[in-house]
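Asker: fold the following.
(one chain, ligands or ions: 2)
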Amino acid sequence: MNIVILSRNPALYSTNSIVNAAMRRGHSVRVIDHLLCDLVIRRNKLELYYYNELIEDVDAVIPRIGSSATSYGAAIIRQFEAMGIYTCLNSDSLLKARDKLSCLQYLAQKDIGVPLSLVINNSTMIRPMLTHIEGERKVIKLVSGTHGLGVVLSESDQNAESVLEAFQKVKQRALTQEFIKEADGADVRLIVIGNKVIAAMVRQAQEGEFRSNLHRGATSYAISPTKEEIDVALRATQLLGLEVAGVDLLRSSRGPLVLEVNASPGLEGIETTTGLDVAGRIVQLVERNAAQH
Ligand SMILES: Nc1ncnc2c1ncn2[C@@H]1O[C@H](COP(=O)(O)OP(=O)(O)OP(=O)(O)O)[C@@H](O)[C@H]1O
Ligand SMILES: [Mg+2]
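Answerer: Ligands and ions are numbered 1, 2, ... in the order given. Coordinates of the predicted model:
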């Protein structure tokens, strides 16, 4: 097959891992930077150019769209979809999953457990809105944050108010959540590929830290997820229409709570922690689905 990987940088671990897996399985692979793609849109004939070369004869697309290029990345995927080419990430699903706020809205309305979350946009209503969450401690996070940056644990309402005011001042949308204390600085990452959880790990924060991001020095180990965790992860990805996803859960006293569903999950942490060939599983899924497409 001719496979196109949409990625800003072929040197990234995940991109590289998928390229290698595809080549091992006998495919010809090309990495294309979605931000450098140009489009022609006309009635019944949509075209995509890369450095003025018409891109054609593509059997499948594997998008790896980072958070900085979501909107144009989705437009490029939509162009491939319109050209009748199989892509393992649907443009609408990418947009639904992409930010923490829209992801939580879609999941909560379909009865999936999420941390109780507030969006406080009216700056005069911060204090009364905070009363929706019991308990002194709250987690405040930038909707656009990643790698644990922009995630704050607030110890009091006074504290929360000043953090929220600061985010409003710099015009950054934030979520305020109940603090899931019993998660104990850990979260669970499950990798779903084609309706199966194929890998899972726990990430445990460093001593004295509540954020379990590997970028914040957390350690990780492979686990066998519980049946309930598997069910939640599969329901969440089906709801969002994702065939490849990383689902992040907190283990709470009322069961698994989804923090986020990532439509382009990083592969380095999960492959090195579990020793599994996740990239190879993505390529297998693409082979199956492109053939049926
Ligand atoms: N409501 C919460 N209660 C307890 N711990 C939390 C809560 N929200 C987040 N955390 C901890 O903080 C970490 C970072 O939060 P989150 O995953 O929401 O943001 P991020 O990692 O910056 O974003 P992304 O996952 O998109 O990179 C989580 O992995 C988890 O360990
Ligand atoms: Mg995270």
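Asker: the residue nearest the centre of the chain and residue 134, how far apart?
Answerer: By C-alpha atoms, centre = their mean, the chain has its centre lying nearest to residue 262, at 1.3 Å. According to C-beta to C-beta, to the nearest Å, residue 262 and residue 134 sit 29 Å apart. Using the backbone N, CA and C atoms, a C-beta is placed for each residue, glycine as well.
Asker: got a list of what the residue in the stretch 1-150 of the chain positioned nearest to ligand 1 touches?
Answerer: Nearest to ligand 1 in the stretch 1-150 of the chain, going by C-beta to the nearest ligand atom, is residue 146, at a distance of 3.6 Å. For residue 146, the contact set (C-beta atoms under 8 Å, 6 or more residues apart in numbering) comprises residue 67.
Asker: state the mean pLDDT of stretch 244-260.
Answerer: Summarised as a single mean, pLDDT over stretch 244-260 is 98.
Asker: and for stretch 167-181?
Answerer: On average, stretch 167-181 scores 96.
Asker: now that stretch - C-alpha only, CSV.
Answerer: What follows is stretch 167-181, C-alpha atoms only, in CSV (Å, rounded to 0.1, in the frame of the first residue of the first chain):
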residue,chain,number,x,y,z
PHE,A,167,-6.0,32.9,33.3
GLN,A,168,-8.9,35.3,32.3
LYS,A,169,-6.5,38.2,32.3
VAL,A,170,-4.3,36.4,29.7
LYS,A,171,-7.4,35.3,27.8
GLN,A,172,-6.8,31.5,28.3
ARG,A,173,-9.9,29.3,28.8
ALA,A,174,-9.6,27.1,31.9
LEU,A,175,-11.5,24.2,33.4
THR,A,176,-12.0,23.9,37.1
GLN,A,177,-12.3,20.3,38.4
GLU,A,178,-12.9,18.5,41.6
PHE,A,179,-9.5,17.1,42.9
ILE,A,180,-9.6,13.3,42.7
LYS,A,181,-7.4,12.8,45.8
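Asker: buried ones in that stretch?
Answerer: Across stretch 167-181, burial judged by 16 or more other C-beta atoms under 10 Å covers 167-168, 174-180.
Asker: so which of those residues reach ligand 1?
Answerer: 177, 179-180 (C-beta under 6 Å from any ligand atom).
Asker: now render those as a markdown table, adding secondary structure.
Answerer: Formatted as a markdown table, these follow (DSSP: H, G, I helix; E, B strand; the rest coil):
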| residue | secondary structure |
| --- | --- |
| 177 | strand |
| 179 | coil |
| 180 | coil |
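Asker: so residue 273 touches residue 222, yeah?
Answerer: Yes: taking contacts as C-beta atoms under 8 Å, residue 273 lies within contact range of residue 222: 5.6 Å.
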